[in-house]
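Engineer: no sequence on this one, just coordinates:
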């Protein structure tokens, strides 16, 4: 039975739902444990801009949707599949597809970890500014399954935003609305966030080589971010906050370099912990963002997980 992973680099935890048919379990959508949409009822086909019930595999990037009533399933050519209501994003919905991730070698039920990683890599292409995503939104994914998620020669994960309480607009962000300085800053930070989220999904002592490799990858993206911060011609009011953020990142790089080069597990654990603590700080990032006219309040929800902590390998099961 598939598990779901709702924790992305937004440092969030959340509750998920399993939508199931007798032969297929698709995990990772919001509607957990029988919860129904508060104030959002199943639409009646035939309304203006009519919602459509579609197979999950027919969802495309940019589609908005919410779960049907229990037992509403259809049959496609490849067998029984779970369906959802696909609706215009201007109408109330609880989910939005931000990417379709191609997986390599993932087989049921072991594809969750790769789904999480591949979706994290693709999310900035749809919503570059993590802090502009509302607090009621959580990145998630629909995992590979025995029948429905693996078409011949192809295995995919559907990357979604889960929206608690519903929404009546799209979460897709328009990069053309950003200034060159805003775009440069966000792209530099986004790569760092993605690499931080790809931390090994186990304890340091159980996978020291994997953590050293992760530290090395993060060291590269952090170095690139520092180079951007120190080389771009920032406006006057942004110069000092950017310099402060670059200094903070240089301290992070020291811990990452020490972790990568560590010869013993104790040193590795200490430096990884220091790096994770550094990455969880938002004060200097908020100052940069305020100086650039970007949202400057970080996303917060109860139960937040520190950025860079291992992604859970199990979720809820039906």
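Structural biologist: It's in. None of the values given here were measured: they were computed from a predicted structure.
Engineer: Low-confidence bits of the protein, can you list those?
Structural biologist: 1-49, 68-82, 105-112, 143-154, 300-318 (pLDDT under 70).
Engineer: so where do the helices sit in it?
Structural biologist: 112-126, 180-197, 208-231, 236-261, 265-279, 283-292 (DSSP state H).
Engineer: helices or strands up against the longest strand seen in the chain?
Structural biologist: Scanning the chain for the strand with the most residues, using DSSP state E, yields strand 154-167. Counting by 3 or more CB pairs under 8 Å, 6 or more residues apart in numbering; DSSP states H and E, the packing neighbours recorded for strand 154-167 are strand 24-29, strand 93-103, helix 112-126, strand 137-142. Every C-beta, even on glycine, is put in place using the N, C-alpha and C of the backbone.
Engineer: if we compare those, which one ends up closest to residue 259?
Structural biologist: helix 112-126 (19.7 Å; CB to CB).
Engineer: Now do that closest one and strand 93-103, the angle between them.
Structural biologist: For helix 112-126 against strand 93-103, the angle by axes from the mean of the first three to the mean of the last three CA atoms, to 10 degrees is 110 degrees.
Engineer: in helix 112-126, what counts as buried?
Structural biologist: 112-124, 126 (16 or more other CB atoms under 10 Å).
Engineer: wait, residue 59 sits on residue 65?
Structural biologist: Yes. Judged on CB atoms under 8 Å, residue 59 makes contact with residue 65 at a distance of 6.6 Å.
Engineer: And the residue nearest to residue 164 when sequence neighbours are not counted, how close does it get to residue 276?
Structural biologist: Spatial nearest neighbour of residue 164, excluding adjacent residues (CB to CB, 6 or more residues apart in numbering): residue 136 at 4.5 Å. Distance of residue 136 to residue 276, given as CB to CB, to the nearest Å: 26 Å.
Engineer: So what's the residue count around the closest residue in space to residue 122 that isn't next to it in sequence?
Structural biologist: Residue nearest to residue 122 in three dimensions, not counting chain neighbours: residue 99, with 3.7 Å by CB to CB, 6+ apart. Using other CB atoms under 10 Å, residue 99 has 23 other residues around it.
Engineer: Then residue 192?
Structural biologist: Count around residue 192 with other CB under 10 Å applied: 22.
Engineer: want to try TSV for the helices and strands packed on strand 154-167, with distance to residue 229 as columns?
Structural biologist: Listed next are these as TSV, based on distance: least, CB to CB, whole Å:
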stretch	distance to residue 229
strand 24-29	35
strand 93-103	27
helix 112-126	17
strand 137-142	25
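Engineer: between these, which gets nearest to residue 230?
Structural biologist: Across the helices and strands packed on strand 154-167, closest to residue 230 is helix 112-126 (CB to CB), at 21.6 Å.
Engineer: counting contacts, what elements does the closest one pack onto?
Structural biologist: Applying 3+ CB pairs under 8 Å, 6+ apart, one finds that helix 112-126 contacts strand 93-103, strand 137-142, strand 154-167, helix 180-197.
Engineer: Can you tell me which of those is most buried?
Structural biologist: Mean neighbour count (mean count of other CB atoms under 10 Å) peaks for strand 137-142 among those, with a mean of 27.
Engineer: From the contact counts, what lies against that strand?
Structural biologist: Short answer (3+ CB pairs under 8 Å, 6+ apart): strand 137-142 packs on strand 24-29, helix 112-126, strand 154-167.
Engineer: by how many degrees do the second one and strand 154-167 diverge?
Structural biologist: Regarding helix 112-126 and strand 154-167, their directions subtend 60 degrees when assessed with the same axes, to 10 degrees.
Engineer: Give me the number of neighbouring residues for residue 275.
Structural biologist: 28.
Engineer: Would you quantify the distance from the residue nearest to it when sequence neighbours are not counted to residue 267?
Structural biologist: Leaving aside its sequence neighbours, residue 275 sits nearest to residue 255 (CB to CB, 6+ apart; 4.1 Å). For residue 255, the distance to residue 267 equals 11 Å [CB to CB].
Engineer: what does residue 162 give?
Structural biologist: Distance from residue 162 to residue 267, by CB to CB: 38 Å.
Engineer: related to what we said a few turns ago, can you list the strands that the longest strand of the chain pairs with?
Structural biologist: Strand 154-167 has the following sheet partners, assigned by DSSP bridges: strand 93-103 (antiparallel), strand 137-142 (antiparallel), strand 150-151 (antiparallel).
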